[in-house]
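Novice: this is a predicted model, with the sequence first.
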Amino acid sequence: MNTPSSSKSLKIVVIGGTGLIGRKLIPILRTLGHTAVPASPSTGVNAVTGEGLANALAGADVVVDVSNSPSFEKQAAMDFFVNSTRNLLAAEAAAGVRHHVALSVVGTDRVPDSDYFLAKLAMENLLSAGPVPHTIVRATQFFEFAPSIIYGATEGDFVRVPPALMQPIAADDVARLLAAISTAAPINGIVKIAGPEPIRMPGFARDYLLASGDPRQVKTDPAARYFGAAVDDRSLTPASPARRGSILFKDWLAHNVAPKPAAVAS
């Protein structure tokens with residue numbers, strides 16, 4: 001079987017191509033000389049129901065799935081990733097797609113009480129048993145997720161988080177690394193990507209709050225949970241060598257986060 005190569009122009013369909021990572025990935029692929037096509041419900045393609053998949057994948061060499069469940073609720077997340085992956089694999093096999101790249105999460109195999117991580121693991125298992133050559137890309141948390149992490153941990157005027165180590169990564173780095181992986185041959189295995197440096201969750205939250213001028217205080221609590229799951233220093237960091245991004249969190253904050261405007265006295 002011929003495999004995709006970065007030396008030739010490829011047709012690459014990006015599932016979730018209008019989202020955070022997809023919007024960054026597509027222009028990189030086009031700059032590299034490939035035909036990159038965004039596919040999402042807004043473009044008439046719904047991987048969960050299968051709507052529009054056959055037409056979208058016609059002539060495709062590579063499919064990159066960066067779609068995400070709109071809900072972290074247990075059954076909703078499981079249904080989203082299982083149904084979309086099954087539909088994608090069937091459509092890809094029919095279309096002769098030669099490489100399926102799926103964006104997953106570091107920790108899917110180490111955080112068993114996270115419903116979202118278990119749904120991602122189910123997706124990975126389907127790909128491993130499926131008919132299409134694949135590469136699973138496990139990424140650490142994105143810098144862009146800081147507001148959601150803080151919101152989920154807020155109790156009144158405090159942000160209560162565990163002391164767990166993280167190694168978050170900028171979405172720009174995720175897109176750049178995905179471009180390289182999706183234009184190379186499939187490995188039928190897992191690649192891990194992470195940010196350039198580890199940081200503990202309290203520091204991550206505190207740095208974001210400081211940069212945005214948010215007065216909430218961070219409290220370190222070993223009993224605090226991460227979106228309902230217990231985490232330690234291994235949960236959210238790559239346990240084996242990972243490809244690293246180059247953007248530091250402090251630099252990302254300086255370019256992407258502005259302090260809230262001060263209230264004007266009436």
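Specialist: Nice, thanks for sending it over. Numbering: from 1, shown residues only.

Novice: okay, helices next: where are they in the stretch 101-250 of the chain?
Specialist: Under the criterion DSSP state H, counting those that start in this stretch, helices of the stretch 101-250 of the chain are mapped to 115-129, 146-153, 171-182, 201-211, 249-256.

Novice: which of those helices sits closest to residue 8?
Specialist: Among the helices of the stretch 101-250 of the chain, the nearest to residue 8 by C-beta to C-beta is helix 171-182 (13.5 Å). Any C-beta I mention is one placed from the backbone N, CA and C, and that applies to glycine too.

Novice: show me what that closest one is in contact with.
Specialist: With contacts defined as C-beta atoms under 8 Å, 6 or more residues apart in numbering, helix 171-182 is touched by 4, 6, 12, 20-21, 24-25, 28-29, 32, 62, 64, 66, 99, 101, 103, 135, 137, 139, 142-144, 191, 193, 195, 243, 245-247.

Novice: list only buried entries from those.
Specialist: The neighbour-count test (16 or more other C-beta atoms under 10 Å) applied to the contacts of helix 171-182 identifies 4, 12, 20-21, 24-25, 28-29, 32, 62, 64, 66, 99, 101, 103, 135, 137, 139, 142-144, 191, 193, 195, 243, 245, 247 as buried.

Novice: narrow the residues you listed to those in strands?
Specialist: 12, 62, 64, 99, 101, 103, 135, 137, 139, 191, 193, 243 (DSSP state E).

Novice: what sits against the closest residue to residue 110 other than its chain neighbours?
Specialist: Closest residue in space to residue 110, ignoring its immediate chain neighbours: residue 235 at 5.4 Å, by C-beta to C-beta, 6 or more residues apart in numbering. Residues near residue 235 by C-beta under 8 Å, 6+ apart: 107, 110, 111, 164, 226, 229.

Novice: please repeat the previous calculation with a cut-off of 6 Å.
Specialist: 107, 110, 111 (C-beta atoms under 6 Å, 6 or more residues apart in numbering).

Novice: which pLDDT value belongs to it?
Specialist: Here the pLDDT value assigned to residue 235 is 96.

Novice: tell me the phi and psi of it?
Specialist: phi -70, psi -40 (degrees, to the nearest 10).

Novice: and it, how close does it get to residue 195?
Specialist: 15 Å (C-beta to C-beta, to the nearest Å).

Novice: roughly how far out does stretch 192-209 sit from the chain middle?
Specialist: 16 Å (C-alpha atoms, centre = their mean, to the nearest Å).

Novice: again with stretch 225-236
Specialist: The answer for stretch 225-236 is 17 Å, by C-alpha atoms, centre = their mean.

Novice: counting neighbours, what do you get for the residue lying closest to residue 236 once chain neighbours are set aside?
Specialist: Using C-beta to C-beta, 6+ apart and skipping residues adjacent in sequence, the residue nearest residue 236 is residue 166, 4.8 Å away. Applying the criterion other C-beta atoms under 10 Å, we find 26 residues in the vicinity of residue 166.
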